[in-house]
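>>> Sequence and predicted structure, then a few things I'm wondering about:
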Amino acid sequence: MSATASAPAARHRAPAAALPRLLGGIHSDRALTLEEHVARYGPIGAVVARRGKGLVGLIEESGLRGRGGSNFPTVTKLRAVAGQRRRPVVVVNATEGEPVSGKDRVLLRHAPHLVLDGAVAVAAALGAREAIVAVSSDAAVERAALVHAIAARGRSTGDGRVSLRLATVPPGFVSGEESALVQSLNGGPARPTFKPPLPYERGVGGAPTLVQNAETLAHVALIARFGAQWFREAGTPAEPGSTLVTISGAVRRPGVLEVAFGTPLAALVERAGGYTEPVQAILIGGYFGTWVGADRARTLALADADLRRAGAALGAGSIVALPASACGVAETARIARYLADESAGQCGSCVHGLAAVAGAVERLARLERADERRRLAGWLGQVKGRGACRHPDGAARFVESALVVFADEVERHLRHGTCGKRAGTILPVPERRRS
């Protein structure tokens, strides 16, 4: 994934509210060194000493929400962990199992110290002595950048009593789910758990555990330095700040862009160079997201309230433009099968329900002229809300939106055996691997 860059800000001064924030001053071919990072932002140790436990209140004032996909208020998780009796552990979730997201990888490749600063800051505020950075075992470039960054910090004194440790987890769509990640770090399989205690109560090594997305902690590092009001100068009153968005598909310059909440989707597409050909639909929110017709998408802004009216959510910030020449039913069938195969295999909703859903969509796409829509609707209704985790719900949402947006294509498949469009591979499907 590519990323934008800008000139460095003045030494230790709060940068202007203008974007980019997280991606400001980065190099296109390497990570910022610790020396370059400190020259731009100052040492995190001074920030930790100044903010102390007051950082939690500052994050609440900022309105920061998690950037991992759930849009959960960051302060709520912080207070839940702070309310436990044992000394906590902080986990940086940088596994990024979503195939159409690249934002966390961009941060780790180009600005790892910003993520590590955020981890150190929240660890110090919560009284944690350890922060674990978890990445996928197949993320070789990101692991190398983190190994170098953590080693460089080990030779400095900026992290105080907080030690940083790198951990790898098996690749997979569900591996980054909070409870699956904790279970993997405890030596078990990277599968979600659905019984208490929850990670904030008893997580890594039995300690209360804060799990936060890498981008979320990068924002924390800036809020700790420059304050809540500075953070709120971008975005909207309801959704302050900026976010990283991965845009791909039929755009001229796919990659990771930093935008303020409230930015029109059309403006994001323009920043990505515009469309390479006519577009029929936009996938918003990745493989747990929602298909939205192109005409409706033109009117949307990247804001929760606006997207919700279209039945969508930004999630982890993934946008895919589907060209009009591609078969939306075939694309949906490929991803439905991928999501079924990525099941943790722990409940009937995933093991049987998602397999049945994927098979039905595949039959629609294979030109068999078998009208599976009624049975498909029944299966989708049966899997929602009944899984051990949110995997069945996300997969059902994705397929349900496809049946609406690509309804005309489905009709053409049933009537004529083809919709006349190419069954390409716009949406990537990783090679199937098991832990």
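Cool, the structure landed.
>>> Same question for the residue nearest to the spatial centre of the chain, what's its three-state structure.
With distances taken as CA atoms, centre = their mean, the residue of the chain nearest its centroid is A316 (3.0 Å). Secondary structure, DSSP: H, G, I helix; E, B strand; the rest coil: A316 is coil.
>>> Which residues are in contact with the nearest residue in space to L32 that is not next to it in sequence?
In space, L32 comes closest to A111 once its chain neighbours are excluded; the distance is 5.8 Å by CB to CB, 6 or more residues apart in numbering. C-beta coordinates here come from the backbone N, C-alpha and C atoms, glycine included. Applying CB atoms under 8 Å, 6 or more residues apart in numbering to A111 gives the contacts 22-23, 26, 31-32, 37, 218.
>>> This structure - how does it break down into domains?
Structural domains assigned to the chain are 34-232, 243-323, 328-416, following automatic domain parsing.
>>> what's the first-to-last distance across the first one?
In terms of CA to CA, to the nearest Å, the two terminal residues of domain 34-232 are separated by 27 Å.
>>> Could you tell me how far it lies from the centre of the chain?
14 Å (CA atoms, centre = their mean, to the nearest Å).
>>> again with the last one
Centroid separation for domain 328-416 versus its chain: 23 Å, with CA atoms, centre = their mean.
>>> Span of it from start to end?
End to end - CA to CA - domain 328-416 spans 16 Å.
>>> So for that domain, mean pLDDT?
Across domain 328-416, the average pLDDT comes to 89.
>>> helix or strand right after the helix or strand of the chain with the lowest mean pLDDT?
Here the helix or strand of the chain ranked lowest by mean pLDDT, DSSP states H and E is helix 348, holding a mean of 72. Using DSSP states H and E, the helix or strand that follows helix 348 towards the C-terminus is helix 355-365.
>>> Show me which residues of that following helix are buried.
By neighbour count with 16 or more other CB atoms under 10 Å, helix 355-365 contains the buried residues 355-365.
>>> List the residues that contact L108.
31, 94, 115, 135, 139, 142, 145-146, 214.
>>> helix or strand right after whichever strand or helix holds it?
Here L108 sits within helix 103-110, counting by DSSP H and E. As assigned by DSSP H and E, the chain's next helix or strand after helix 103-110 is helix 112-126.
>>> Hey, what's the angle from that next one to helix 103-110? Just curious.
Inter-element angle recorded for helix 112-126 and helix 103-110: 110 degrees (by axes from the mean of the first three to the mean of the last three CA atoms, to 10 degrees).
>>> For the next helix or strand after helix 112-126, which strands pair with it and how are they oriented?
Toward the C-terminal end, the helix or strand that comes next after helix 112-126 (DSSP H and E) is strand 130-136. Strand 130-136 sits in its sheet next to strand 89-94 (parallel), strand 163-169 (parallel), going by DSSP bridges.
>>> Let me see the ranges of the helices in the stretch 251-400 of the chain.
For the stretch 251-400 of the chain, applying DSSP state H, counting those that start in this stretch gives helices covering 265-271, 294-297, 304-309, 328-341, 348, 355-365, 373-383, 391-405.
>>> With respect to G160, which of those helices lies nearest?
G160 sits nearest to helix 304-309 of all those, at 35.9 Å, using CB to CB.
>>> How far away from the center of its chain is the closest one?
18 Å.
>>> Check which residues of it are buried.
For helix 304-309, a neighbour-count test (16+ other CB under 10 Å) marks 304, 306-307 as buried.
>>> wait, doesn't T276 sit right on R253?
No: between T276 and R253 there is no contact under CB atoms under 8 Å: 9.9 Å.
>>> Now do the phi/psi pair for the residue nearest to R65 when sequence neighbours are not counted.
In space, R65 comes closest to N71 once its chain neighbours are excluded; the distance is 5.0 Å by CB to CB, 6+ apart. Per-residue torsions, N71: phi 60, psi 30 (degrees, to the nearest 10).
>>> my guess is N71 meets G63, correct?
No: N71 lies out of contact with G63 (CB under 8 Å); the separation is 11.5 Å.
>>> When these two are compared, which one has more neighbours?
G63 (20 against 14; other CB atoms under 10 Å).
>>> what's the more buried one in contact with, if anything?
73, 228, 231-232, 239-241 are the contacts of G63 under CB under 8 Å, 6+ apart.
>>> out of those, who's nearest G249?
Checking the contacts of G63 one by one against G249 (CB to CB), the nearest turns out to be E239, at 24.4 Å.
>>> shouldn't that closest one be in contact with G262?
Yes: taking CB under 8 Å as the definition, E239 is a contact partner of G262 at 6.9 Å.
>>> and for the two, which residues touch both?
Common neighbours of E239 and G262 (criterion: CB under 8 Å, 6+ apart): A303.
>>> List the buried residues for stretch 194-208?
Quick answer for stretch 194-208 (16+ other CB under 10 Å): 199-204, 207-208.
>>> What average pLDDT does stretch 199-214 get?
Stretch 199-214 comes out at a mean pLDDT of 97.
>>> and the end-to-end length of that stretch?
Stretch 199-214 has an end-to-end distance of 17 Å (CA to CA).
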